[in-house]
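1. no FASTA, just this:
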């Protein structure tokens, strides 16, 4: 991709077989002529894909051999009990680090009284961690809305696509639990895998029905929640030449 020479290239240089990877280009200062022309644009090029941001909104093109994952996290009020949310955060960070090593980018959606998209799938664990550590607790468990949002983000994208849902209860939004099961069916028909990890008041049968396969819907003890999320990465197939986060 030809870029103006004035663009400043900032990236952690890596070379493998003489090929530069993980290039990032950011804009020059706004008060320069070239800066005015490229204001609010960001281009990142890597082995896994090309991301172009225009006025803060990403336009992403995936390359073959790359996977996309959305962590879909229950942030209802009960998640503050017994450090469940803290466990989810630490487990999600470990999961993302290992998933990166398998060739995946990981994004984040939270849900409580509604669903909020927090982060596009990224390879930079520090970016995802920042969002995870700023999750907001709400009241309800509007899971169907979150699944629909993840579906919207993953539909039409190339590569292996997965959503990992973590919850401590049954969904209680409009039309639930059938609403979650119905949108889940739509997701699975598009070839997107669903892994569901529940605890406490989560219903085991519901988790198994929502997941892509019964064995991908599991209920664990509160103490095992974080570790179970981290361990879910073992289910993912290796893609491309992923590298572990250092």
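-> That came through fine. Small disclaimer: the values here were computed from a predicted structure and weren't measured.

2. list the residues that contact residue 187.
-> Listed by Cβ atoms under 8 Å, 6 or more residues apart in numbering, the contact partners of residue 187 are 147, 150-151, 154, 163, 194. Where you see a C-beta, it was placed from the backbone N, CA and C, and this is true even at glycine.

3. now with 10 Å, please.
-> Listed by Cβ atoms under 10 Å, 6 or more residues apart in numbering, the contact partners of residue 187 are 147-148, 150-151, 154-155, 161, 163, 193-194, 210, 212.

4. stretch 180-200: end-to-end distance?
-> 19 Å (Cα to Cα, to the nearest Å).

5. list the buried ones in it?
-> When burial is assessed from 16 or more other Cβ atoms under 10 Å, stretch 180-200 yields the following buried residues: 180-181, 183-184, 187-188, 192-200.

6. tell me the SS of residue 137?
-> coil (DSSP: H, G, I helix; E, B strand; the rest coil).

7. I'd like the average pLDDT over the longest helix along the chain.
-> Criterion DSSP state H: the longest helix present in the chain is helix 84-101. Mean per-residue pLDDT for helix 84-101: 97.

8. which elements pack onto it?
-> strand 67-74, strand 104-111, strand 115-122, helix 125-132, strand 160-167, helix 225-231 (3 or more Cβ pairs under 10 Å, 6 or more residues apart in numbering; DSSP states H and E).

9. which residues does residue 134 contact?
-> Contacts of residue 134 by Cβ under 10 Å, 6+ apart are 89, 110, 118.

10. top of those residues by neighbour count?
-> Within those, neighbour counts (other Cβ atoms under 10 Å) peak at residue 110, which reaches 25 neighbours.

11. OK, contacts around that residue?
-> Counting by Cβ under 10 Å, 6+ apart, residue 110 touches 71-76, 79, 116-119, 131-132, 134-138, 146.

12. thought residue 155 was touching residue 147?
-> No - counting by Cβ atoms under 10 Å, residue 147 is not a contact partner of residue 155; they are 11.9 Å apart.

13. between the two, which one's more packed in?
-> Set side by side, residue 155 and residue 147 show more neighbours around residue 147, with 29 against 13, by other Cβ under 10 Å.

14. roughly how far does that one sit from residue 173?
-> 11 Å (Cβ to Cβ, to the nearest Å).
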